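In: sequence plus the predicted model coming up.
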Amino acid sequence: MLRNKLLMYRFSTLHRAQIDESLGDPHLSARLNQILVPLLSVTESEALRTAIRESARGLDDRLYAERSSSMEAGVLQALQELCARSTDVPVPIAEIATTFAAQRGSEFDRPITARLVGSIVRTRLRLATYKRHGVYVVPASERPKVIELCLRYGVGGGG
C-alpha cells in the first residue's frame, strides 16, 4: 500500500523534477555529488540543503580517512614510491609487496605477500598487470591511473 502511494507521488511529481547540476559541491567526491544532486534538486528548503551538504561533508571526510588508512592505500603508497624512482619501467608486484611490508606491514594481522599485493592491485585498485620474464608487473602505462588513485586515497602528493 505504501509502495503504491509512493509510486503515485512519483508519477504526480514527475513533471516538476528537474536535475540542477549547479547544486553540486566541489568539496565533495564525484560519487557523492552524483548521489546528492538529485536529492538537492527536489529539496526546496535552502536550510535543508545546507544540512544535507554538511552531513555529506562529514561522511566524505570519514570515508576519506578510512580509505587513507586501508591496505589499498598502503599498497598505493609503495607503488607511488617505486614509480617515482623509475619513470618508464614496469614495477614488479614483489617489489611493491616488499616496500609495503617494510612501511606498514606491522599494521595488519596477516603477512604481506606478493600474492596478496597482486590481488589488491588487480581486484581492488583495478590496475592492469602482466607477466614479464616470469614476474608479474604493473606497466608504466598505468601511471596516470595510479596518480588518480593516490588522490582518491589521500596518498602522498598524488604522483
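Out: Now that the structure is in, tell me what you want to look at.
In: roughly how far does V89 sit from E81?
Out: From V89 across to E81, the span is 14 Å (C-beta to C-beta, to the nearest Å). C-betas here are computed from N, CA, C, even on glycine.
In: what about those two, which has more around it?
Out: E81 (17 against 12; other C-beta atoms under 10 Å).
In: distance of the more buried one from F108?
Out: Distance, E81 to F108, by C-beta to C-beta: 18 Å.
In: again, but for S86
Out: 27 Å.
In: how about low-confidence regions in this structure?
Out: For the chain, residues meeting the criterion pLDDT under 70 lie at 157-159.
In: can you rerun that using 90?
Out: Residue ranges of the chain with pLDDT under 90: 1, 9-33, 38-45, 53, 57, 59-71, 83-89, 103-112, 140, 150-159.
In: any idea where the helices of it begin and end?
Out: For the chain, applying DSSP state H gives helices covering 2-13, 30-42, 46-68, 71-85, 93-104, 114-119, 143-153.
In: how far does the first one sit from the chain's center?
Out: A distance of 35 Å separates the C-alpha centroid of helix 2-13 from that of its chain, computed with C-alpha atoms, centre = their mean, to the nearest Å.
In: ok, now the second one?
Out: If you compare the mean C-alpha spot of helix 30-42 with that of the full chain, they lie 17 Å apart, counting by C-alpha atoms, centre = their mean.
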